[in-house]
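Chemist: any chance you can model this:
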Amino acid sequence: MEIVLNSPSRKRLAIGAAVVLCLIYLLLAGRLFVASVLADSPQLSNLERAARLDSTNADYRNHVGRYYALVARDPAAAIEPYRAAVQLDPHSARYWFDLASAYQVLGDVSNQTLALERAIEADPTTPDVAWEAANFFLVQGEDEKALREFHVVLESEPSMANLAIQFCWRINPDVDMLLRDVVPAQSPAYIAFLELLMTKQETAAAAKVWNKLIATSQVSQPFELRYVYAYLQYLLDHKDVDQARVVWQQAAPRFGLSSYLPTRNNLIVNGDFRLDVLNGGFDWKYEKQQSVTLTLDPSDFHSGHRSLLITFDGPGVTDAGIRQFIAVQPATTYQFSAYYKNGEIEGAGGPHFTIQDAYNQAILYDSDELKEAGFWKSATGEFTTPDDCRLLILHIRRLPEGSPVRGKLWVDDFRLVVKRD
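Modeler: Numbering: from 1, shown residues only. As a prediction, this is how the structure comes out:
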């Protein structure tokens, strides 16, 4: 319908109506603006005025409740504005949590539980909400509900995995149940669980978690190689050599390290130093020793394209600082060989290739002094492992220990195989 303003009276009427509407709009907008300014004030009177000026704003009501609860220390007075906030916006988990906190201080467990459950309904997947809920249920002794919320935390917030898994283990130290019902199939959660079980010396349980971890997708669930090193070292420290071998066999292909697996033709990994030294797993491990420098030398080698150069320069030398763990079978005869070359080593005695039982330190093989070899020379020998021997350590030690020594020693082509009849 078209309104024709063909008279002065009608024009004045239309203008007046427009002016009134503008005034009403400006009044409402001004009212909301004043309310927003007052809501930023720390004074209770201003917060209450803001809530009255904008009675549909749940946040202003919640601000009033928080003032009573946190500033005035009057949780009973906070209940009414908190309830008003959740009525205006029942989908805010934060408002329900504030209400639950007030009920907690008042000792009203039933209403606290109800408010907390409404918070979870409002936001069931946010880790902060789940964390608060889990701790509440934990205090109340409702273990199943607590574990359910810790599952949400583990699934959604990897940074909280370590602490969450500790609570889960404290609630129910059953690895099978936790893996089935609580711990999500994600590498951060499995790693947190694995680390916890290692600190608890739960070796059998840790193996179950490892199996879950290694089964995760390499693409969607990657994890760092350092966790493999830590777990493998834990196993060796606890004399679980068989599991350590399995772990290395499973992990090496995942990280592109299949070349670092021992073979029938050589149980010593990276014996010719053609690969980078990992300093972990079943590859060579090294640590700084007094008066000793280790260098991979491409300028001189027996075969391949480089050797290990060990430079001795001073007193206090007991060991070259490089070693390798080797998993073996008990009551088995092995043949060892390696090549070495030196450059005028000075000092009493000299370095030796030494193979020992990694646990009781019994020496199974000790070469002659690695001296007076201006060309590549071999050191060979054979030995039989005792009935209880499962792990060897190969290293280069200095005899007599601690006496001054200077010079250079190149080593290459380490090899250890089972003696065939």
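
Chemist: for this protein, what are the low-confidence residue spans?
Modeler: Residue ranges of the chain with pLDDT under 70: 1-48, 50-51.

Chemist: go again using 80 as the cut-off
Modeler: Judged by pLDDT under 80, the chain has its weakly predicted residues at 1-56, 58-70, 85-86, 93, 120, 122-125, 348-349, 402, 421.

Chemist: would you map the helices across it?
Modeler: Counting by DSSP state H, one finds helices in the chain at the ranges 8-39, 44-53, 58-66, 75-88, 93-106, 109-122, 127-140, 143-156, 161-171, 175-181, 187-199, 203-215, 225-237, 241-254.

Chemist: now tabulate those in JSON lines and tack on distance to Ala379.
Modeler: C-beta coordinates here come from the backbone N, C-alpha and C atoms, glycine included. Converted to JSON lines, these look like this (distance: least, Cβ to Cβ, whole Å):
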{"stretch": "helix 8-39", "distance to Ala379": "83"}
{"stretch": "helix 44-53", "distance to Ala379": "84"}
{"stretch": "helix 58-66", "distance to Ala379": "77"}
{"stretch": "helix 75-88", "distance to Ala379": "79"}
{"stretch": "helix 93-106", "distance to Ala379": "70"}
{"stretch": "helix 109-122", "distance to Ala379": "69"}
{"stretch": "helix 127-140", "distance to Ala379": "59"}
{"stretch": "helix 143-156", "distance to Ala379": "53"}
{"stretch": "helix 161-171", "distance to Ala379": "47"}
{"stretch": "helix 175-181", "distance to Ala379": "47"}
{"stretch": "helix 187-199", "distance to Ala379": "38"}
{"stretch": "helix 203-215", "distance to Ala379": "37"}
{"stretch": "helix 225-237", "distance to Ala379": "26"}
{"stretch": "helix 241-254", "distance to Ala379": "26"}
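
Chemist: relative to Glu287, which of those helices is closest?
Modeler: If you check each of the helices of the chain against Glu287 by Cβ to Cβ, helix 225-237 wins as the nearest, at 13.1 Å.

Chemist: which parts of the closest one are buried?
Modeler: Leu225, Tyr227, Val228, Tyr229, Ala230, Tyr231, Leu232, Gln233, Tyr234, Leu235, Leu236 (16 or more other Cβ atoms under 10 Å).

Chemist: distance to Leu106 for these - can I get that in TSV?
Modeler: Below are those laid out as TSV (distance: Cβ to Cβ, whole Å):
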residue	distance to Leu106
Leu225	52
Tyr227	46
Val228	51
Tyr229	52
Ala230	47
Tyr231	48
Leu232	53
Gln233	52
Tyr234	48
Leu235	52
Leu236	55
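
Chemist: of these, closest to Ala204?
Modeler: Compare each of the buried residues of helix 225-237 with Ala204 using Cβ to Cβ and the shortest gap goes to Leu235, at 11.5 Å.

Chemist: neighbours around the nearest residue to Lys239 once chain neighbours are set aside, how many?
Modeler: Nearest non-adjacent residue to Lys239, counting by Cβ to Cβ, 6 or more residues apart in numbering: Tyr359, 6.4 Å away. Counted with other Cβ atoms under 10 Å, residues neighbouring Tyr359 total 16.

Chemist: distance of Tyr359 relative to Asp388?
Modeler: Distance, Tyr359 to Asp388, using Cβ to Cβ, to the nearest Å: 9 Å.

Chemist: hang on, the earlier thing: isn't the residue nearest to Lys239 right up against Asp240?
Modeler: No. If you go by Cβ atoms under 8 Å, Tyr359 and Asp240 don't touch, sitting 11.8 Å apart.

Chemist: so who does Thr293 touch?
Modeler: Taking Cβ atoms under 8 Å, 6 or more residues apart in numbering, we find Thr293 in contact with Ile310, Thr311, Asp313.

Chemist: next one: Tyr82
Modeler: Contact partners of Tyr82, counting by Cβ under 8 Å, 6+ apart, are Arg61, Asn62, Gly65, Ala69, Tyr95, Asp98, Leu99, Ala102.

Chemist: if you set the cut-off to 7 Å instead, what comes out?
Modeler: Residues counted as contacts of Tyr82 (Cβ atoms under 7 Å, 6 or more residues apart in numbering) are Asn62, Gly65, Tyr95, Asp98, Leu99, Ala102.

Chemist: for Asp54, see how far away it is.
Modeler: In this view, Tyr82 and Asp54 are 17 Å apart by Cβ to Cβ.

Chemist: so Tyr340 makes contact with Lys371?
Modeler: No. Between Tyr340 and Lys371 there is no contact under Cβ atoms under 7 Å: 9.3 Å.

Chemist: between these two, which has more neighbouring residues?
Modeler: Ranked by neighbour count (other Cβ under 10 Å), Tyr340 and Lys371 place Tyr340 first, with 24 against 17.

Chemist: distance of the more buried one from Ser156?
Modeler: Distance from Tyr340 to Ser156, counting by Cβ to Cβ: 56 Å.
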